[in-house]
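Enquirer: fold the following and give me the result.
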Amino acid sequence: MSLSDAVLSGASPDELERTPLPSHFTAAHLRVEDEGAFADYAEDADKDVRHTLHVGEVPVPELAPDEVLVAVMASSVNYNTVWSAKFEPLSTFRFLRSYGREGGWAARHDQPFHVLGSDAAGVVVRVGTGVRHWRIGDHVMVNAAYVDDQEPISQADGMLGEHQLAWGYETNYGGLAHYSVARASQLIPKPAHLTWEEAATIPACAGTAYRMLVSDRGARMKQGDVVLIWGASGGLGAYAAQLVKNGGGIAVGVVGSEEKAEAARRLGCDVVVNREEIGIGDDTGDDPAQVAAAGKRLGRQVRAAVGADPDIVFEHVGRSTFGISVFIVRRGGTVVTCGSSTGYIHQFDNRYLWMRLKRVIGSHVANLQEQVECARLFEQGGVVPTLSSLFPLSEVGEATRLVQLNQHIGKVGVLCLAPERGLGVTAPELRARIGEDALNPLRSFAARPEPVA
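Expert: Prediction:
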């Protein structure tokens with residue numbers, strides 16, 4: 001019996017340990033020979049990620065003492081997989097080469113292939129000699145923050161370390177695969193009432209949103225705060241909307257279509273604004289006059305609906321919206337940002353920042369304690385997974401293309417070793433108490449609604 005068969009049959013920890021490791025495993029990966037695939041394309045050309053994403057065999061690496069090998073049951077697509085497959089803004093092979101030059105165990109990451117994926121839920125099948133708190137057979141989720149726990153600053157906040165990397169983006173052997181390699185300091189206990197594919201949507205996006213809004217390192221949201229959420233039906237925004245409602249805030253979602261508006265309402269947004277109705281396009285952020293005009297239109301709608309300007313703006317769109325975010329947040333309010341999917345170079349009128357005493361906070365993924373605190377909210381039923389579409393690993397190109405074109409709602413999941421949806425639940429009573437429909441608020445918005453088998 002293969003190790004994969006042993007995992008799928010529910011083999012005991014002793015049986016898993018006795019079953020030999022495979023020499024190779026199936027993974028979604030890039031190839032170094034494709035690094036220049038889009039070099040001659042115009043800046044605004046369609047760089048279709050399906051051309052560079054491959055699914056095939058790669059060798060199993062040796063484990064470092066502080067690492068575990070996870071049999072990945074399910075993963076999900078994040079926007080960094082789009083960046084990776086486009087080789088923009090930098091080729092991720094550049095990250096692997098840089099990391100590999102550190103030598104030692106880091107050298108394993110510098111390969112002619114790059115296994116992608118910054119989310120995973122699965123079963124621990126091997127542990128390094130230095131791993132203390134995890135055992136073979138444990139059900140886990142993987143935090144995307146790849147932290148050097150020997151850096152002094154990591155004892156205060158692992159996200160502040162100079163050597164902190166994004167797992168599966170700046171490192172190799174990520175989660176879109178049958179097996180992945182993670183540090184023990186990345187592991188989070190999987191909520192027992194969730195399926196593999198539901199759990200795999202949590203760490204990267206829900207953890208990021210938690211740090212941005214709830215953590216004392218983020219916006220420190222409090223009860224009654226009005227929070228404007230760009231992309232409130234997307235991977236990040238769908239969790240932000242729930243965290244605002246669960247924390248006693250007022251969620252104002254901005255989305256791009258009526259379908260996405262319905263999804264945002266289902267997630268708990270008190271107010272939903274269609275960005276097309278207020279004239280916000282991809283190039284709005286390049287023109288100060290357009291920014292001010294769009295900000296005034298949006299501000300009027302928000303004040304009419306809730307009676308106040310936003311206390312917090314949840315920002316990850318970047319170039320097209322950042323200037324509006326700075327403009328619209330209330331005097332003394334906070335813009336918290338974790339990304340720039342429409343472009344990294346932002347323009348904004350600094351008078352609105354300094355003269356109205358506003359703050360901009362940069363935020364990136366979440367440290368392990370924040371991830372554990374976030375997972376607790378799922379165990380309590382206050383926050384639920386945002387899975388909509390689900391693809392098999394063999395169709396990871398199609399799954400990533402959906403995210404590239406912003407045609408998805410919520411999170412796009414990928415089944416890796418799991419042969420079908422619905423597996424992995426070990427607390428059926430809790431699941432029944434929360435309710436199947438409550439745990440899958442976005443399933444009806446799947447781009448491909450038929451079951452994956």
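Enquirer: for residue 404, which non-adjacent residue is spatially closest?
Expert: Leaving aside its sequence neighbours, residue 404 sits nearest to residue 82 (C-beta to C-beta, 6 or more residues apart in numbering; 4.7 Å). Using the backbone N, CA and C atoms, a C-beta is placed for each residue, glycine as well.
Enquirer: the one you found: what's it in contact with?
Expert: Counting by C-beta atoms under 8 Å, 6 or more residues apart in numbering, residue 82 touches 49, 400, 403-404.
Enquirer: equivalent analysis for residue 307, please.
Expert: Shown here is residue 307, which makes no contacts under the criterion C-beta under 8 Å, 6+ apart.
Enquirer: try it again with 10 Å
Expert: By C-beta atoms under 10 Å, 6 or more residues apart in numbering, the contact set of residue 307 is 226, 250.
Enquirer: tell me, how many residues neighbour residue 2?
Expert: For residue 2, the count of nearby residues is 11 (other C-beta atoms under 10 Å).
Enquirer: okay but it is in contact with residue 8, surely?
Expert: Yes - assessed by C-beta atoms under 10 Å, residue 2 is found in contact with residue 8 at 9.4 Å.
Enquirer: and which of the contacts of residue 82 is nearest residue 25?
Expert: Taking C-beta to C-beta as the measure, residue 25 lies nearest residue 400 of the contacts of residue 82, at 19.5 Å.
Enquirer: next one: phi and psi at the closest one?
Expert: The phi and psi values for residue 400, taken as degrees, to the nearest 10, are phi -70, psi -30.
Enquirer: show me where the stretch 351-453 of the chain has strands.
Expert: Counting by DSSP state E, counting those that start in this stretch, residue ranges of the strands within the stretch 351-453 of the chain are 359-362, 387-392, 411-415.
Enquirer: okay, now the sheet partners of the shortest one, with direction.
Expert: Take DSSP bridges as the rule and strand 359-362 pairs in its sheet with strand 334-337 (parallel).
Enquirer: what's the answer for the second one, then?
Expert: The strands beside strand 387-392 in its sheet (DSSP bridges) come out as strand 411-415 (parallel).
Enquirer: distance between the partner strand and the chain's centre?
Expert: Put simply, strand 411-415 sits 11 Å off its chain's centre (C-alpha atoms, centre = their mean, to the nearest Å).
Enquirer: what angle separates the longest strand that the chain contains from strand 411-415?
Expert: For the chain, the longest strand by residue count, based on DSSP state E, is strand 67-76. Angle, strand 67-76 to strand 411-415, by axes from the mean of the first three to the mean of the last three C-alpha atoms, to 10 degrees: 120 degrees.
Enquirer: in strand 67-76, which residues are buried?
Expert: For strand 67-76, the neighbour count (16 or more other C-beta atoms under 10 Å) marks 67-76 as buried.
Enquirer: same question, stretch 413-433
Expert: Under the neighbour-count criterion of 16+ other C-beta under 10 Å, stretch 413-433 has 413-418, 421, 423-425, 430-431 buried.
Enquirer: which ones among those residues map onto helices?
Expert: Assigned to helices by DSSP state H, the following of the buried residues of stretch 413-433 qualify: 430-431.
Enquirer: what about the helices in the stretch 251-400 of the chain?
Expert: Assigned helices in the stretch 251-400 of the chain, in chain order: 258-266, 288-306, 322-328, 350-354, 368-380, 396-404 (criterion: DSSP state H, counting those that start in this stretch).
Enquirer: any chance of those in CSV, with mean neighbour count and distance to residue 183 too?
Expert: Converted to CSV, those look like this (neighbours: other C-beta atoms under 10 Å; distance: least, C-beta to C-beta, whole Å):
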stretch, mean neighbour count, distance to residue 183
helix 258-266, 19, 35
helix 288-306, 17, 42
helix 322-328, 26, 33
helix 350-354, 12, 38
helix 368-380, 19, 10
helix 396-404, 23, 24
